[in-house]
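Trainee: structure for the following, please:
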Amino acid sequence: HMLFHPALKVMEEQYGDAILTARPAKLVKAGPLPGRPGLEPRGALWVSVQVGGAHLQVINTHLGLRRPE
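Mentor: Predicted structure coming up:
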């Protein structure tokens, strides 16, 4: 299973966060994170992955490395 949330779109290209798993997975929530004008937009992806009889909650994001971010 592959789940993807585009945080940034440039023409036809999309850039963002992804979660890949061989286990059954369900999207819980995906959306933008608060940001500052002029900085690259950021997002987050929350997925519930079924592992055995349990549901593992996975949250994925990519934060900036520059001091203002």
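
Trainee: spell out which helix or strand contains the spatially most central residue of the chain, please.
Mentor: With distances taken as Cα atoms, centre = their mean, the chain has L45 as the residue nearest its mean C-alpha position (3.1 Å). Per DSSP states H and E, L45 falls inside strand 43-51.

Trainee: paired strands for that strand, with orientation please.
Mentor: strand 25-32 (antiparallel), strand 54-61 (antiparallel) (DSSP bridges).

Trainee: residues in contact with the last one?
Mentor: When you say that, I think you mean strand 54-61. The contact list for strand 54-61, computed with Cβ atoms under 8 Å, 6 or more residues apart in numbering, reads 17-19, 28, 33, 42-50. (C-beta placed from N, C-alpha, C; glycine too.)

Trainee: and the one helix or strand K9 maps to, what does it pack against?
Mentor: Taking DSSP H and E as the definition, K9 sits inside strand 2-10. Contact partners of strand 2-10 among helices and strands, from 3 or more Cβ pairs under 8 Å, 6 or more residues apart in numbering; DSSP states H and E: strand 13-20, strand 25-32, strand 43-51.

Trainee: tabulate the CA atom coordinates of that strand in CSV.
Mentor: Provided in CSV are the C-alpha atoms of strand 2-10 (Å, rounded to 0.1, in the frame of the first residue of the first chain):
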residue,chain,number,x,y,z
MET,A,2,1.2,3.5,-0.8
LEU,A,3,-0.3,6.7,0.7
PHE,A,4,0.8,10.1,-0.4
HIS,A,5,0.1,13.7,0.5
PRO,A,6,1.4,16.4,-1.8
ALA,A,7,2.6,19.5,0.2
LEU,A,8,3.9,21.3,-2.8
LYS,A,9,2.8,21.3,-6.5
VAL,A,10,5.0,22.8,-9.2
